[in-house]
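> curious how this folds, go ahead:
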Amino acid sequence: MKPTFCVLGTGRAAEQTAARLTSENIEVIRIVPVTDTPMPPPPTSGGSTDAIVANLVQVEAEAGRFLLSCRFKGATAVYESHAVVIAEPADRRPPWSAYGLMPGEGVISLSEALEHLDRLPDGKTVVFLLGLAGESHPVVTREVLEAAKAHAVRGRAYLLTGNLKVADQGLEALVQECRTAGVIPVKFTQTRPIFRQTDEGMLVDMTDEQIGESFSILADRIVVDERFQPAGTLPALASVFRIETDAEGFLQADNVHRFPVFTNRKGVFVVGPSRGAFQWDQLEADIAHVALEARRMLQEPLPAAGVPAAIQPGRCVRCLTCYRVCPYGAIRLKARPEVLSDSCQRCGICVAECPGKAISLADVLDEVLFERIDSFRRMTDSHPSPLIVVFGCERSAKLCRDAAREQGLPLPERLCFIEVPCAGRLSLDWILGTFNRSADGVLVLTCHAGNCHSGQGNLHARRRITYLREMLSIIGMNPDRLRIKTLAANMPVEFASACREFEATIHSLLLS
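Numbers count the residues shown, from 1 in each chain. All right, here's what the predicted structure looks like:
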């Protein structure tokens, strides 16, 4: 069976995404989250990309597919897809209040200037504002510079800027082209221009920061730059799909493992303006990445079998802790919480957080872990060195350990390394049980902030370690016997150094 992709969005990004997937022999359902027209019936098979205009009110995930419940004025329909691509446009809004301006005949937005060239008449003085109310996006910077350069050959153009960043490709050359065309730049670092409405036009009062003298510009038009903001539909989509957002509300958390088009939900992709990427050439690259994933689904359409995490119904009290903490949205709520096998990434955060100990990972069981530590202790009892147990993420610390061994870096003689699927799996019971098995010290190695595959596994681990160090002090154990440190996968030297330093710390504690 060919996979079906649902493309959610309005405008160019959604249209191009649907067209590309259709060309890849992927059946496409396109839903436009607008509510001003009736909802047509579900599309028939054959890859139709006719838009379905509806509100998406509920999403259920099951075994490699999504059930999307849509509604408009009482009409309801459910659509099924194997994957979802969110391709909503971004909103562009001028920061009027930050400049103390109001839109009018003499004050227009950048979009108005670009869409209606007659708003910038020949022979007139136009003041372009860029980055004075916050750092501008490269796309906006390029548009302002192009507009200023174009007007400079027809009239007088001033460019008022703050900290102008030109790192994006071609921007520095464009700035020089503006100067050559006759654009007059004025940079502000300590002061800001003041705008006054007069009978003759808008008066811009400012201070030349280089010579310290004040002067004014009588402007026929003032063009205000714009900021990109998430589309108004994105908060609802983030909620219904349980997608992590960045600080501005775009649908992709600031996590290196999500780039370029992935989200924390397996099978849910995000492209272009929905993830905060506004360059149209970058949109094409995003769509190409989605098409690549679609081709993979054509080759391997069925999800992998098996459930990495398992909930024991007899012990589950339906506290919903697992549902709240799962970073992948892999817990479905039925009569009891259930794990979605195709969505679970076996990070183990739910296992460590479950207060009833009702969840387990088949390949990371407590008894297996403790037997490994006991066996290592028995084999190394004759060594005088302290017993160090290191818990390390399999995506970072384990790779460091392997590379350190290959490079022959010196490591502690009694170093028992326990790899975990994610530092978030590390429970309080594991650490306390390790100390109960005569470990002299426990070192926890997590991914750097923003580099954890599960997003917050390292944060969960740090919170538990902080709590346990306080508890160790209360019960009379030295908290320095427990330490947490971050590593990237390409840091074997730092891995070896951290282990040796920790061994030295434990050795001195044992002698004191």
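> pairing partners for the lowest-mean-pLDDT helix or strand in the chain, with directions?
Sorting the helices and strands of the chain by mean pLDDT, DSSP states H and E puts strand 51-53 at the bottom, at a mean of 86. Applying DSSP bridges, strand 51-53 is found paired with strand 27-32 (parallel).
> restricting to C-alpha, output the strand it pairs with in PDB.
Coordinates of each C-alpha in strand 27-32 appear next as PDB, following Å, rounded to 0.1, in the frame of the first residue of the first chain:
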ATOM      1  CA  GLU A  27      -1.000  10.100  -2.300                       C
ATOM      2  CA  VAL A  28      -1.700  13.500  -0.800                       C
ATOM      3  CA  ILE A  29      -4.500  14.900   1.300                       C
ATOM      4  CA  ARG A  30      -4.300  18.600   1.700                       C
ATOM      5  CA  ILE A  31      -6.100  20.300   4.600                       C
ATOM      6  CA  VAL A  32      -6.300  24.100   4.700                       C
END
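> please point out which parts of it sit buried.
27-32 (16 or more other CB atoms under 10 Å). C-beta here means a position set from N, CA and C on the backbone, and glycine is covered the same way.
> ok, these vs residue 214, which is closest?
Ranked by distance to residue 214 (CB to CB), the buried residues of strand 27-32 are led by residue 32 at 52.0 Å.
> pLDDT score for the closest one?
Listed pLDDT for residue 32 reads 91.
> cool, and the one 3 residues further on?
According to the prediction, residue 35 has pLDDT 44.
> ok, now the one 5 residues further on?
As predicted, residue 40 sits at a pLDDT of 44.
> the spatially most central residue of the chain: what's it in contact with?
Residue closest to the mean C-alpha point of the chain, counted by CA atoms, centre = their mean, is residue 253 at 1.6 Å. Taking CB atoms under 8 Å, 6 or more residues apart in numbering, we find residue 253 in contact with 244-246, 263-264, 455.
> let's verify the nearest residue to it once chain neighbours are set aside: helix, strand, or coil?
Leaving aside its chain neighbours, residue 253 sits nearest to residue 244 (3.8 Å; criterion: CB to CB, 6 or more residues apart in numbering). Here residue 244 is recorded as coil under DSSP: H, G, I helix; E, B strand; the rest coil.
> and if you look at residue 66?
Residue 66 is classified as strand under three-state DSSP.
> please shift the residue numbers so they start at 42 in all later answers.
Shifting the count to begin at 42 puts that one at residue 107.
> distance check, it against residue 61.
Distance of residue 107 to residue 61, computed by CB to CB, to the nearest Å: 20 Å.
> could you pull out the strands in the stretch 42-191 of the chain for me?
45-49, 68-73, 92-94, 96-103, 106-113, 116-122, 124-127, 132-134, 148-150, 166-171 (DSSP state E, counting those that start in this stretch).
> show me what the last one is packed up against.
So that's strand 166-171. Here strand 166-171 touches helix 179-193, strand 197-202, strand 254-260, strand 262-265, going by 3 or more CB pairs under 8 Å, 6 or more residues apart in numbering; DSSP states H and E.
> need the next SSE after the shortest one, C-terminal direction.
Spelled out, it's strand 262-265. strand 268-270 (DSSP states H and E).
> against which helices or strands is that following strand packed?
Checking 3+ CB pairs under 8 Å, 6+ apart, strand 268-270 ends up next to strand 132-134, helix 179-193.
> pLDDT below threshold where in the stretch 292-441 of the chain?
341-348 (pLDDT under 70).
> closest one of the buried residues of strand 68-73 to residue 52?
Using CB to CB, the buried residues of strand 68-73 come closest to residue 52 at residue 73, 9.0 Å.
> only alpha carbons, please: show stretch 512-519 as PDB.
Extracted C-alpha coordinates of stretch 512-519, given in PDB (Å, rounded to 0.1, in the frame of the first residue of the first chain):
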ATOM      1  CA  MET A 512      19.800  13.500  50.000                       C
ATOM      2  CA  LEU A 513      23.300  12.000  50.200                       C
ATOM      3  CA  SER A 514      24.300  14.900  52.400                       C
ATOM      4  CA  ILE A 515      21.400  14.300  54.700                       C
ATOM      5  CA  ILE A 516      22.100  10.600  55.200                       C
ATOM      6  CA  GLY A 517      25.800  11.300  55.800                       C
ATOM      7  CA  MET A 518      27.400  10.400  52.500                       C
ATOM      8  CA  ASN A 519      29.700  12.800  50.700                       C
END
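> what's around the nearest residue to residue 166 once chain neighbours are set aside, how many residues?
With sequence-adjacent residues excluded and distances taken as CB to CB, 6+ apart, residue 166 is closest to residue 197, at 4.4 Å. Burial measure for residue 197: 17 neighbouring residues, criterion other CB atoms under 10 Å.
> that'll do, ta.
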